[in-house]
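S.K.: This is a predicted model, with the sequence first.
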Amino acid sequence: MKKLWTGRFTKSAEEWVDEFGASIEFDQELVLEDIQGSLAHVQMLVKCGIIPAEEGIKIQAGLEKLQSKAKNSELTYSVKMEDIHLNLESMLIDEVGSAGGKVHTGRSRNDQIATDMHLYLLKHTKSIIRLISEFQEALVKQAEKHVETIIPGYTHLQRAQPISFGHHLMAYFWMLQRDKQRFTESLKRISVSPLGAGALAGTTFPIDREYTAALLGFDAIYENSLDAVSDRDFIIEFLSNSSALMMHLSRLSEEIILWSSQEFQFIELDDAFSTGSSIMPQKKNPDMAELIRGKTGRVYGNLMAILTVMKGLPLAYNKDMQEDKEGMFDTVKTVTGSLKIFAGMISTMNVNEETMKEATEQDFSNATELADYLASKGVPFREAHEIVGKLVLDCIEKGCFLKDLSLEEFKAASEQFEKDIYTVLSPVEAVKRRNSAGGTGFDQVRLAIEKAKQIVSVN
Ligand code: ARG
């Protein structure tokens, strides 16, 4: 198999050197995008009279043949041919003869690879946006079932105030909404065509870049040919958006892991999303959540890797940039898989409403209620805080909770206490009453769920 650029060379590289430089092992992932780009390019070459129509037709037929072989995984690649572009070009020449050599007229691998990656991320960003919506739907459905399920809300991982479990789940809905907005916003910058920038300077052929951009479904073309082939911002942005998304999934993973522990027992994951231990028969491990928490690190790593690769590169293309692909493929796979797992895990998990409720009764997370109660009767909040703090201390010494104190004991702390204090201390009441906008009050949570449903049905 003869390389396609040997003209100025007098000796060939050793096989292991070729292997080191080749990207075909991983960039074959772009085979369909590469063919799609070539099809548009050839169509443009014919339209602009750069190659004769008969040859264009031949090349097109050859490319289509390769396309269907690629779809059936029937192509065999060679390391000698370095990358996906040269592999396909040499296959095309084998397929249609020397006319195949015209496909590269007015084009370079530099604008070609950039085009492939734009096409690839356009497709996958759209699919990630869809998957985020599906996961959001799963969250909304669970939240809807648990508007009135109460759970301790935490700060510093210490019980703080009781909240609606639905409200807790909906917090993730809104985080994901921001992720979705970020991915959607980035489409503008992905949907730009570098094709026709050539190696770096444009071309002498009378090409039509707008035409190929339209054929490929891009909204715009790069204004500057050097920028077109040097830019990897769109990949960095994708990895950065993916990092933020994974950070959210990782936080939820952490909560899932805690909630399903023996200590919390708030939820039980479906068997389909858990694994057992090879030695301890009793165990049911939240492996998927742990794995997603772990994979978050790998996505951050991919972002750091490309930022570092790009930081010192002079314009325009440098071979360093071949390192941009594996992290991108890996991130697409990780994010896609994690979102699918999460949608399934959340919709099938079992919620132990009783254990959650009991937890809210076995603590002092209703202390704020008491302080608010006094404050609403005119006691300055700072004083109320002090009075309630002392009552909590009393309880700890006596080994009881606030609701176990007698009215006399309350009165001894402040004359303002009346017997309605016991209703105020009920965790359910505490949640219900937090009806400020965006709060955990049941009515507010229902309102938020309605809003959320409209949002997911739109996209
Ligand atoms: N395999 C190369 C890459 O992924 C394609 C572009 C190569 N261009 C070049 N001038 N060597 O970066």
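M.R.: Yep, it's here. Numbering: from 1, shown residues only.
S.K.: OK, contacts around Phe442?
M.R.: For Phe442, the contact set (Cβ atoms under 8 Å, 6 or more residues apart in numbering) comprises Val147, Glu148, Ser164, Val431, Lys432. To be clear about C-beta, it is placed using only N, CA and C from the backbone, and glycine gets the same treatment.
S.K.: From Val299, how far out is it?
M.R.: 37 Å (Cβ to Cβ, to the nearest Å).
S.K.: Surely Val17 forms part of a strand?
M.R.: No: read with DSSP: H, G, I helix; E, B strand; the rest coil, Val17 is helix and lies in no strand.
S.K.: Can you get me a residue count around it?
M.R.: Residues lying near Val17 (other Cβ atoms under 10 Å) number 10.
S.K.: Just want the residue of the stretch 151-300 of the chain that's nearest the ligand.
M.R.: Nearest to the ligand, among the residues of the stretch 151-300 of the chain, is Ala199, at 6.9 Å (Cβ to the nearest ligand atom).
S.K.: give me phi/psi at that residue?
M.R.: phi -70, psi -40 (degrees, to the nearest 10).
S.K.: Isn't it up against Ser108?
M.R.: Yes: at 3.9 Å, Ala199 counts as touching Ser108 under the criterion of Cβ atoms under 8 Å.
S.K.: what about those two, which has more around it?
M.R.: Neighbour totals were compared for Ala199 and Ser108, and Ser108 leads with 19 against 15 (other Cβ under 10 Å).
S.K.: Need the phi and psi values for the more buried one.
M.R.: Torsion angles, degrees, to the nearest 10, at Ser108: phi -130, psi 160.
S.K.: wait, it sits on Gly196?
M.R.: No: between Ser108 and Gly196 there is no contact, the gap being 9.9 Å when judged by Cβ under 8 Å.
S.K.: Tell me the first helix or strand C-terminal of the helix or strand hosting Met356.
M.R.: According to DSSP states H and E, Met356 maps onto helix 353-361. Counting by DSSP H and E, the element after helix 353-361 in chain order, helix or strand, is helix 367-376.
S.K.: what's near enough to touch the nearest residue to Gly198 once chain neighbours are set aside?
M.R.: In this structure, Gly198 finds its nearest non-sequential neighbour in Ser108, 5.0 Å apart by Cβ to Cβ, 6 or more residues apart in numbering. Going by Cβ under 8 Å, 6+ apart, Ser108 touches Ala197, Gly198, Ala199, Leu200, Val229.
S.K.: Please apply the same query to Ala244.
M.R.: Counted by Cβ under 8 Å, 6+ apart, Ala244 has contacts Arg178, Asp179, Arg182.
S.K.: Go through those residues and flag which are in helices.
M.R.: Residues from the contacts of Ala244 lying in helices, with DSSP state H as the criterion: Arg178, Asp179, Arg182.
S.K.: Would you point out which residue of the stretch 201-350 of the chain is nearest the ligand?
M.R.: Closest point on the stretch 201-350 of the chain to the ligand, by Cβ to the nearest ligand atom, is Gln322, at 3.6 Å.
S.K.: what pLDDT does the residue of the stretch 151-300 of the chain closest to the ligand get?
M.R.: Note on Ala199: pLDDT of 97.
S.K.: how close does it sit to Leu258?
M.R.: For Ala199 relative to Leu258 (Cβ to Cβ), the value is 54 Å.
S.K.: what do you get for Arg159?
M.R.: 13 Å.
S.K.: need the contact list for the closest residue to Glu254 other than its chain neighbours.
M.R.: Distances taken as Cβ to Cβ, 6+ apart put Arg293 closest to Glu254, at 6.1 Å, once the chain neighbours are dropped. Applying Cβ under 8 Å, 6+ apart, we find Arg293 in contact with Leu249, Ser250, Ser253, Glu254, Ile257.
S.K.: Just the buried residues of these.
M.R.: Among those, those scoring as buried are Leu249, Ser250, Ser253, Ile257 (criterion: 16 or more other Cβ atoms under 10 Å).
S.K.: Let's see which of these end up in helices.
M.R.: Checked against DSSP H, these include these in helices: Leu249, Ser250, Ser253, Ile257.
S.K.: what's the distance between the second one and Arg298?
M.R.: As for Ser250, its distance to Arg298 is 11 Å (criterion: Cβ to Cβ).
S.K.: just the first one next, same as before
M.R.: According to Cβ to Cβ, Leu249 stands 13 Å off from Arg298.
S.K.: which of the residues in the longest helix that the chain contains are buried?
M.R.: Longest helix in the chain by number of residues, with DSSP H as the criterion: helix 109-145. Neighbour-count burial for helix 109-145 flags 109-122, 124-125, 128-129, 131-140, 142-144 (criterion: 16+ other Cβ under 10 Å).
S.K.: The residues you listed: which ones sit near the ligand?
M.R.: With Cβ under 6 Å from any ligand atom as the criterion, these include Arg109, Asn110, Ile113 near the ligand.
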